[in-house]
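Participant: after the sequence you'll find the predicted model.
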Amino acid sequence: MSFDYEILSAITTLPASTTSGAMVTNGAGQKTGIRLINIFNSSTAGTETVKMYLVPQTTGGAAGTAAATNQIYEEAIPSKETRIIAYDVPGLMMENENDTLQAETDTASKVTFTATGGQE
C-alpha cells in the first residue's frame, strides 16, 4: 500500500454545532488515511467544545450525516489552546466514496482545523 502524503484539509474554521461540516471527504476509488489533525481555539471569549464524526456514506452512496452513532471525539478546548491528534499508520481510515470526517464547534469561525495524511 503506497500513500501520497498531503494536506487533506487546508486550514479552515469549523461551523457551529447546528451544521457539522465535512472537513475531509474520501473520493471515488480512493482510500484516505488521516494521520494528523490540528485544532486551535482562536476565541478570546472562552472554551469551545469541538466534536468530530467519522461518517460513512449512505446506502445510496451519498455523504452521510453526523450523529451520536458515528461521533469519535469531543473536547472542551480552552481559549487560545491547540490540540493535536495523531493516528498511527495507516491512520484514521476512510475507504468508501463519500465517507467523511465531519466536525463542529459551539460558535462558528472560532476554531481552526487542518488535517494531513495520505491517499491511495
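Facilitator: Nice, I can see it. Residues are numbered from 1 along each chain as shown.

Participant: sketch out the low-pLDDT regions of this protein for me.
Facilitator: For the chain, the stretches flagged by pLDDT under 70 are 1-3.

Participant: now the strands for it?
Facilitator: Under the criterion DSSP state E, the chain carries strands at the ranges 4-13, 21-25, 32-41, 48-55, 71-77, 82-86, 92-94, 100-104, 111-119.

Participant: and the residue nearest the centre of the protein?
Facilitator: Leu101 (4.1 Å; CA atoms, centre = their mean).

Participant: distance of the residue nearest to it when sequence neighbours are not counted relative to Ala16?
Facilitator: Using CB to CB, 6 or more residues apart in numbering and skipping residues adjacent in sequence, the residue nearest Leu101 is Val24, 4.3 Å away. In short, each C-beta sits where N, CA and C put it, glycine included. Val24 is 19 Å from Ala16, where distance means CB to CB, to the nearest Å.

Participant: these two: which has the busier surroundings?
Facilitator: Using other CB atoms under 10 Å as the criterion, Val24 and Ala16 rank with Val24 on top: 22 against 14.

Participant: quick check, that one in contact with Ala103.
Facilitator: No - under the criterion of CB atoms under 8 Å, Val24 makes no contact with Ala103, lying 9.3 Å away.

Participant: tell me the contacts of the residue nearest to Ala22 when sequence neighbours are not counted?
Facilitator: In this structure, Ala22 finds its nearest non-sequential neighbour in Thr100, 4.3 Å apart by CB to CB, 6+ apart. By CB atoms under 8 Å, 6 or more residues apart in numbering, the contact set of Thr100 is Ala22, Met23, Val24, Thr25, Asn26, Tyr53, Leu54, Val55, Ala63, Gly64, Met94.

Participant: again with Ser43
Facilitator: Taking CB under 8 Å, 6+ apart as the test, what Ser43 contacts is Ser79, Lys80, Thr107, Lys110, Val111.

Participant: okay, the residues you listed in TSV with distance to Asn70 next?
Facilitator: Shown next, in TSV, are those (distance: CB to CB, whole Å):
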residue	distance to Asn70
Ser79	28
Lys80	30
Thr107	23
Lys110	23
Val111	20
